[in-house]
Structures are given as C-alpha cells and as structure tokens.
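J.: Generate coordinates for the sequence data below:
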Amino acid sequence: MRNILTILGNIPVTSSVIASLFPEVKTKSAKVAQLEKAGEIIRLRRNLFVVNPEETNQPLSSGLIANHLLAPSYVSMQTALRYYGLIPEAVYTIQSMTFKAAKEFNTPVGNFCYYHISRETYPIGITQIKEGNGVYIMATPEKALCDLIANLPGINLRYQKEALEFLEENLRFDMDRVSQLNPEIFSEYAKKGKKSTSILTILKLLQHE
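T.: From the prediction side, this is the model:
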C-alpha cells in the first residue's frame, strides 16, 4: 500500500497537517511522534516536519525548507549567487533574509541562517524559483549581491577599484556576466538598504563596464 505521507511531497508541514492524514487515530501527537521515531518524517524545528525523501522518492528542496523554517524570508547572499553560477565556491549553510530577528537553525537536513533586513528593502529584487513541483522565493542576482555587501562586516567600498577587487578576488565573481546585471535594483537598494555608499560604488562600476 502506498504511504499516505507521499501526498505531502517535499513540502514542510506542521504536525496538524500530518495528523489530518490519519483521521482514524485519536491521539494525534502520539501518531506524529511514532512517525518521527520510525524515520518517516523529519523534524525541522518545533512543529515543522518534512517527509523523509526515502518515502516520497522526491529530493528535499533546501530553498523550500528555508522559506518555511522562518517566514517571511527569501534565499539570498552566497547561496543565491552560487545557485546562479556567479561564484564558484560551494555554500554549505543556506543563507536567507527576513524582516524578523536574525536566527539560525541546525537541522538534520542542513544549516539555515537568517539575516535581518528592513521591511522597506525586503521586496526589492526577489523572484520565484521553480524546483520540481515546488516554488520558493529567492533574491535576484543583484539583490543577493546587495544583501551580501550589506551584511559582510568590514566591507566599505568607496572606490571602483575596491569594488572590482571585492568582486574578482573576494568573491571570484563571474565578471563576464556583470553586464547582464540590472542597475535599477542596485539603485533602489541604495535608497532604502544598508551600506548605500558601497552599493552605489558597485553601481558605478557596473555602469562603467
């Protein structure tokens, strides 16, 4: 018989959603605990679970999990830049932005770190990423770079030379794709976000290119 949990796919859900699949069971919390002990579901945090991919034959989506672990949030910084192929290094902690307090979750399926961003800056330059049957929210390449600059300690880009060194040496950014970046997102971010001077220096560098 097909495991009824497979209908949940790889979407993180609460214990009440899982319990609703077993209407014949009277003690819902005990059923959820039983499923977790059996390894059929994986606890991400208090009252949030995902079905074990061995049960669903669907790979877990780190982006989808990140959006659900702390909402509202979107995937950003090095995680997004790596997704777009703009930096070469692998990123092992999933980085996201939220207008809630900064937070970190260490889960059985990975580590997730959330950085604070203002409500005014939050909606600039975010997009939907389709992965399998799911959709999650991620920064555009421009927004991811802005978020990274705004949250890296010690980064103060006053001159284009400094901006170029940061991109080429610190990030090993794919400079062949710099001309494809949208300057409007940098301009809008500089009006509302942190480290506006550094963001504007990046913008000048892009426009010079």
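J.: use CA for all of it now, contacts and neighbours both
T.: Fine.
J.: quick one: the residue nearest to the spatial centre of the chain and Ala102, what's the gap?
T.: For the chain, Val75 is the residue whose C-alpha lies nearest the centre (CA atoms, centre = their mean; 1.9 Å). The gap separating Val75 from Ala102 is 14 Å, by CA to CA, to the nearest Å.
J.: Mind listing the residues bridging to the residue nearest to the centre of the chain?
T.: Ser96, Met138 (DSSP bridges).
J.: looking at it, it is touching Lys143, isn't it?
T.: No. Here Val75 does not reach Lys143: they are 10.3 Å apart, not a contact under CA atoms under 8 Å.
J.: all strands for this protein, in order.
T.: 41-45, 48-51, 74-75, 93-98, 103-107, 110-116, 126-131, 134-139 (DSSP state E).
J.: Deepest-packed of these, please.
T.: Highest mean neighbour count among the strands of the chain (mean count of other CA atoms under 10 Å): strand 74-75, with a mean of 28.
J.: mean confidence score for it?
T.: Across strand 74-75, the average pLDDT comes to 98.
J.: which residues are in contact with that strand?
T.: With contact meaning CA atoms under 8 Å, 6 or more residues apart in numbering, strand 74-75 is reached by 63, 66-67, 94-98, 126, 136-139.
J.: mind redoing it with 6 Å?
T.: Applying CA atoms under 6 Å, 6 or more residues apart in numbering, the external contacts of strand 74-75 come out as 95-97, 137-138.
J.: so which two of those residues are the farthest from each other?
T.: Gln95 and Ile137 (12.3 Å; CA to CA).
J.: Leu86 is in contact with Asp174, correct?
T.: Yes. If you go by CA atoms under 6 Å, Asp174 and Leu86 touch, sitting 5.1 Å apart.
J.: Look at those two and report which has more neighbours.
T.: Taking neighbours as other CA atoms under 10 Å, Asp174 and Leu86 compare with Leu86 leading, 20 against 13.
J.: got the contact list for Ile42?
T.: Counting by CA under 6 Å, 6+ apart, Ile42 touches 49-50.
J.: Quick one: the helices in this protein, in order.
T.: 15-20, 28-37, 53-56, 62-69, 77-83, 141-151, 160-165, 183-192, 196-208 (DSSP state H).
J.: State the pLDDT value of Arg2.
T.: With respect to pLDDT, Arg2 scores 60.
J.: cool, Pro23 as well?
T.: At Pro23, the predicted lDDT confidence score is 89.
J.: show me the contacts for Thr121.
T.: Contact analysis of Thr121 by CA under 6 Å, 6+ apart lists 192-193.
J.: Go again with 10 Å.
T.: Neighbouring residues of Thr121 by CA atoms under 10 Å, 6 or more residues apart in numbering: 99, 143, 147, 188-194.
J.: could you flag which of the residues you listed are buried?
T.: 99, 143, 147, 188-190, 193-194 (16 or more other CA atoms under 10 Å).
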